[in-house]
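In: below is the structure, and that's it, no one-letter string:
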């Protein structure tokens, strides 16, 4: 089945292809000459990220401190 590549290098896939796979908003792209391989990237919810932070021992205060450090005036 063919896909269309627009003049600005956007790829348009037919509905028949997209309906058969898990569609990710931002797929991972690999070049395996001569093929271009698109693989879905699983996104995480905010709750998933919070759970990982808690499991890693990172508290809300740690995040606030890191944000304040990143936003400090540069010398």
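Out: On my side now, so go ahead. No experiment lies behind these values; they were computed from the predicted model shown.
In: quick check: domain ranges of the chain?
Out: 4-39, 44-75 (automatic domain parsing).
In: now mean pLDDT too, for those domains, in CSV please.
Out: Listed next are these as CSV, based on pLDDT from 0 to 100:
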stretch, mean pLDDT
domain 4-39, 88
domain 44-75, 90
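In: any chance of these in CSV, plus mean neighbour count?
Out: Every residue, glycine included, has its C-beta placed from N, CA and C. Shown next, in CSV, are these (neighbours: other C-beta atoms under 10 Å):
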stretch, mean neighbour count
domain 4-39, 9
domain 44-75, 9
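In: got the contact list for stretch 56-71?
Out: By C-beta atoms under 8 Å, 6 or more residues apart in numbering, the residues outside stretch 56-71 that reach it are residue 53.
In: gap between it and the chain center?
Out: 23 Å (C-alpha atoms, centre = their mean, to the nearest Å).
In: repeat that for stretch 52-64.
Out: The chain centroid and the centroid of stretch 52-64 are separated by 22 Å under C-alpha atoms, centre = their mean.
In: same question for stretch 54-74.
Out: 23 Å.
In: tell me the contacts of residue 27?
Out: 38-41 are the contacts of residue 27 under C-beta under 8 Å, 6+ apart.
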